[in-house]
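Engineer: the following block contains a protein sequence and its predicted model.
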Amino acid sequence: MRFYELNEGISYKNCLDSFEFDFEHDNKTDIIKLTKSISMYTNFGPCTYFGYEFEQNIDKDVKKKIIDYLNTSNDENIKQLVVRAVNSLYEVVDLSKFKTIIYPESSSKLNNLIINTIHDVCPVSFNSCKLIKELPKNIEFEYETYKNFLKNNGVPLKDIETSCKNVEKMIDNIHDLEYFKIGQNTKVKYREYLKNFFKFPNQEQINAYKNLQNGKVLIIDDISTTYSTITFLLKTVRAINKNCEIVVFCLVGNKE
């Protein structure tokens, strides 16, 4: 029988293929650390990241199971997990000073649960904005940034040219899609160089974020394994407002 423990409380029982919550105990075999992880995004202006972490060496199958479980289950303990996470965020960040919440278009129950919990914990009037996905034909690639990255890492010019040709084929394929999904249609190494994945839903929202200037913005994502969604959200906001203070809250993400 194998047990995978989650710090402060979730164990996976392999024999039953189920999870149990215990918010009182820790274990050396944690698969997620429910501890504060705070870091800065240096490429996106004033921006701070807060979230919990997966352990680096957890079993891949168990990791997939817990991601699916958190995303689909209506377990009351998941609600408690989110409440604890939001309360931990509130200890670090004064949410009452934030008037704006941005989150990605998705069918995620967790994103809705996080937003509702924030409203419950901090009952102020938030301007909530759901960024929507662009049409595949409008997805672009930052070729110069990508080339500079390869060049600075000692990649020969011939190999850079070959890689860019492969990227061009990938982008052409994306443009022919009816629906673009990051995980299915791109390799991880290319994702941060994509542009125009998200957009604001209308001109009114665009104007609102332009007028924020140095205001505070909270960006929300539920579970991230590559941080691609967060990167695209940041790119979209920064294209409109380079000065607002951003805090990114992700319920659980990879340690690196």
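Structural biologist: That came through, no problem.
Engineer: for the rest of this, base every contact and every neighbour count on C-alpha atoms.
Structural biologist: OK.
Engineer: so where's the stretch 151-256 of the chain uncertain?
Structural biologist: Applying pLDDT under 70 to the stretch 151-256 of the chain flags the ranges 255-256.
Engineer: can you show me the strands along it?
Structural biologist: 194-195, 198-199, 216-224, 245-253 (DSSP state E, counting those that start in this stretch).
Engineer: what would those strands look like in CSV with distance to residue 37?
Structural biologist: Output for the strands of the stretch 151-256 of the chain, formatted as CSV (distance: least, C-alpha to C-alpha, whole Å):
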stretch, distance to residue 37
strand 194-195, 26
strand 198-199, 26
strand 216-224, 14
strand 245-253, 10
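Engineer: touching the longest helix anywhere in the chain from outside, list them.
Structural biologist: In the chain, taking DSSP state H as the definition, the longest helix is helix 157-175. The contact list for helix 157-175, computed with C-alpha atoms under 8 Å, 6 or more residues apart in numbering, reads 136-141, 143, 147, 150-151, 180, 185-186.
Engineer: which of these are buried, as a ChimeraX select command?
Structural biologist: With 16 or more other C-alpha atoms under 10 Å as the burial test, the buried ones among the contacts of helix 157-175 are selected in ChimeraX as follows:
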select :136,137,139,140,141,147,150,180,186
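Engineer: closest to residue 205 out of the contacts of helix 157-175?
Structural biologist: residue 138 (19.8 Å; C-alpha to C-alpha).
Engineer: correct me, but the closest one touches residue 196?
Structural biologist: Yes. Residue 138 is within contact range of residue 196, at 6.6 Å (criterion: C-alpha atoms under 8 Å).
Engineer: ranges for the helices of the protein?
Structural biologist: Using DSSP H, the helices of the chain run over residues 60-72, 76-92, 109-121, 143-152, 157-175, 182-185, 188-191, 203-210, 228-238.
Engineer: now those in JSON lines, with distance to residue 18?
Structural biologist: Converted to JSON lines, the helices of the chain look like this (distance: least, C-alpha to C-alpha, whole Å):
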{"stretch": "helix 60-72", "distance to residue 18": "9"}
{"stretch": "helix 76-92", "distance to residue 18": "13"}
{"stretch": "helix 109-121", "distance to residue 18": "19"}
{"stretch": "helix 143-152", "distance to residue 18": "43"}
{"stretch": "helix 157-175", "distance to residue 18": "38"}
{"stretch": "helix 182-185", "distance to residue 18": "26"}
{"stretch": "helix 188-191", "distance to residue 18": "30"}
{"stretch": "helix 203-210", "distance to residue 18": "42"}
{"stretch": "helix 228-238", "distance to residue 18": "28"}
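Engineer: no further questions, thank you.
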